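Engineer: just need the structure, nothing else, for what follows:
(one chain, ligands or ions: 1)
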Amino acid sequence: MTGQLWLVSTPIGNLGDLPPRAVTTLRACALICCEDTRHSGKLLSHAGVAGVRLAIANEHTEDARAAEVLELLASGHDVAVLTDAGTPGISDPGARLVRAAIAAGHRVSAVPGPAALVMGLVLSGFETTRFVFEGFLPRSGKDRKERMADIASERRTIVLYEAPHRVQRTVADLLAACGGDRQIALARELTKLHEETWRGTLADAAVHVAELAPRGEYVLVVEGAADVAVAATDDDITDALRTALAGGADRRAAIATVIAATGANKRRVYDLALTIPR
Ligand code: SAM
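Structural biologist: Numbers count the residues shown, from 1 in each chain. The predicted structure follows:
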């Protein structure tokens, strides 16, 4: 009988949210992989889990840790993976150990619990039946622009993670890509004392975050692009492109904004954009 790899979710801010089954599962493991032994050590001592060895498996060491984990699993021991907060493998280490365990034929399971993306999504008030998780966007350059263009035309609700000092910049870029009328929810400090979810248009969100100097952790939830009932004419599209360009968007961003706003075919909007002198 081989051992089992456990992904154990931990609180995203409120210690009361540690799943009860996490404690029994962690106590039964031979090794607990974590991002930071001091951080997880505090959680474990709060939960009364003692005597289980901790080892670091962070973004730099996860692959190197796999050999030891596979050896323990092969010899019948259970191993847990937990991260500083939330669900392992969600914008956090964990997925590579899961793949290694699966490839070696071991059982993998999870103790489910907090994940900021799920809480932010359900608190947004937006459509939850279909959504996409974008995690952290690339910080700059072509990749970031392409992801912004994808978000502008995405019909499903979009969930993003962002560091507090980058929230203003990301809201500004979302505004340029999606236009001022798109709705956004800014879910902040979830499960903590100062939890709040701000909801409004992207135009208002840009003002809100400029006044606020964002602090704490944020989930950004953007409403999907609207279905358009009335087909836009070529004049409508050209006018919308001119407005976006006059607002400072480059050609690519303007095209994405107009596709998102009108639902028009990408090729058609692109061709019409070429008729506008630079
Ligand atoms: N694995 C975690 C999970 O399951 O949510 C995510 C870890 S990721 C490194 C950290 C990001 O998650 C933060 O930058 C923030 O976007 C989001 N986050 C984590 N805790 C949060 C909280 N209490 N409130 C709002 N966002 C949070």
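Engineer: which non-adjacent residue is nearest residue 122?
Structural biologist: In this structure, residue 122 finds its nearest non-sequential neighbour in residue 128, 6.1 Å apart by CB to CB, 6 or more residues apart in numbering. Where C-beta positions appear, they are placed from N, C-alpha and C, glycine not excepted.
Engineer: wait, residue 183
Structural biologist: Nearest to residue 183 is residue 223, by CB to CB, 6+ apart, at 4.1 Å.
Engineer: touching, the one you found and residue 126? I think so.
Structural biologist: Yes: the criterion here is CB atoms under 8 Å, and residue 223 meets it with residue 126 at 4.8 Å.
Engineer: shared neighbours of those two, anything?
Structural biologist: Contact criterion CB atoms under 8 Å, 6 or more residues apart in numbering; residues shared by residue 223 and residue 126: 157, 183.
Engineer: which one's more surrounded, these two?
Structural biologist: residue 223 (23 against 20; other CB atoms under 10 Å).
Engineer: which bits of the chain sit near the ligand?
Structural biologist: Residues of the chain lying close to the ligand by CB under 6 Å from any ligand atom are 12-13, 83, 85-87, 90-92, 115-117, 161-163, 187-192, 217-219.
Engineer: return a PyMOL selection command for the buried portion of those.
Structural biologist: The following PyMOL line selects those of the residues of the chain next to the ligand that are buried, judged by 16 or more other CB atoms under 10 Å:
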select buried, resi 12+13+83+85+86+87+90+92+115+116+117+161+162+187+188+189+190+191+217+218+219
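Engineer: and stretch 5-24, what's buried?
Structural biologist: Within stretch 5-24, judged by 16+ other CB under 10 Å, the buried ones are 5-13, 17-19, 22-23.
Engineer: in a markdown table, list those residues along with pLDDT.
Structural biologist: A markdown table is the format used below for the buried residues of stretch 5-24 (pLDDT from 0 to 100):
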| residue | pLDDT |
| --- | --- |
| 5 | 98 |
| 6 | 98 |
| 7 | 98 |
| 8 | 98 |
| 9 | 98 |
| 10 | 98 |
| 11 | 98 |
| 12 | 98 |
| 13 | 97 |
| 17 | 97 |
| 18 | 96 |
| 19 | 93 |
| 22 | 98 |
| 23 | 97 |
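Engineer: let me have the residues you listed in a markdown table, extended by secondary structure.
Structural biologist: What follows is these, written out as a markdown table (DSSP: H, G, I helix; E, B strand; the rest coil):
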| residue | secondary structure |
| --- | --- |
| 5 | strand |
| 6 | strand |
| 7 | strand |
| 8 | strand |
| 9 | coil |
| 10 | strand |
| 11 | coil |
| 12 | coil |
| 13 | coil |
| 17 | helix |
| 18 | coil |
| 19 | coil |
| 22 | helix |
| 23 | helix |
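Engineer: pLDDT below threshold where in this protein?
Structural biologist: For the chain, the stretches with pLDDT under 70 are 227-230.
Engineer: next structured bit after the helix or strand hosting residue 71?
Structural biologist: In the assignment (DSSP states H and E), residue 71 maps to helix 62-74. Counting by DSSP H and E, the next helix or strand C-terminal to helix 62-74 is strand 79-81.
Engineer: how long is stretch 221-233 end to end?
Structural biologist: 31 Å (CA to CA, to the nearest Å).
Engineer: in the protein, which residue sits closest to the ligand?
Structural biologist: Nearest residue of the chain to the ligand: residue 86, at 2.4 Å (CB to the nearest ligand atom).
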